[in-house]
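S.K.: Got a sequence here, can you model it:
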Amino acid sequence: MPRFFPSAAALLIALSLPAAGRASVTKDQALDAIRTFEANAGGGLAAPGSAADKNDAVARASNTILKFTLESDLVIVDLGAESVPWCDVKKGLSDLPNSGERGLLLAAYLCGSVKAQLESGRQDPNPYVGWVAMLRIYRAVKLREGVTIPEAEALLARRVDGTLEAYAADAARRSAESLRSKYGPAEGSTR
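M.R.: Numbers count the residues shown, from 1 in each chain. Reported below is the predicted structural model:
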């Protein structure tokens, strides 16, 4: 059983629960959750505590980050197939092989994207910084668990050959075009 399955289960539960009745997550809470996630998700020795404590911390942080991502007007994170090819958020993670690890990679992607936007003060749906954060966790999971996720491997190969940033810009463009074709131009758009 994957070491980080509880975090994936927590993400799936958070995706399926209505947000009503729960307090909103503040920017400071989101940044604290990102720090907790980064300290514990890689499985390194940076954070004190047992593996179970680290898993619980990752699960709580993942839920907080996901809630902030879904509810906050401060950030825009693309969860489409172009940006998160390792998991189909419409179908869910549970039917995919290595679902626990895929959920962890989704949380890492969210952390990277949200952190960059909060630090810059600028909304940016480009998946590049999220991919870089995800690949950092993927490498640790791959080494520790021996898990290979083909979609993450493809992004890792682009990172190694120096084409990841350009590929991310293209993915963001394709995603925006797909949304425009389905829903029309964004409000206030001159296109």
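S.K.: now the helices: where do they sit in this structure?
M.R.: 5-16, 27-40, 51-71, 99-120, 128-145, 150-161, 164-183 (DSSP state H).
S.K.: okay, those, which one's buried deepest?
M.R.: Comparing the helices of the chain by mean neighbour count (mean count of other C-beta atoms under 10 Å), helix 99-120 ranks first with a mean of 24. C-betas here are computed from N, CA, C, even on glycine.
S.K.: picking up where we left off before, mean pLDDT and distance to Val77 added to the helices of the chain, as CSV?
M.R.: Below are the helices of the chain laid out as CSV (pLDDT from 0 to 100; distance: least, C-beta to C-beta, whole Å):
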stretch, mean pLDDT, distance to Val77
helix 5-16, 42, 13
helix 27-40, 96, 12
helix 51-71, 92, 5
helix 99-120, 95, 5
helix 128-145, 95, 7
helix 150-161, 97, 16
helix 164-183, 90, 11
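S.K.: Let me know which of those is the nearest to Ser83.
M.R.: Among these, helix 164-183 comes nearest to Ser83, with 6.0 Å by C-beta to C-beta.
S.K.: tell me the angle that closest one makes with helix 128-145.
M.R.: In terms of direction (axes from the mean of the first three to the mean of the last three C-alpha atoms, to 10 degrees), helix 164-183 departs from helix 128-145 by 120 degrees.
S.K.: about what we covered before: just put the helices of the chain in a markdown table and tack on distance to Gly92.
M.R.: Written out in a markdown table, the entries for these read as follows (distance: least, C-beta to C-beta, whole Å):
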| stretch | distance to Gly92 |
| --- | --- |
| helix 5-16 | 6 |
| helix 27-40 | 21 |
| helix 51-71 | 14 |
| helix 99-120 | 8 |
| helix 128-145 | 18 |
| helix 150-161 | 16 |
| helix 164-183 | 20 |
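S.K.: No further questions, thank you.
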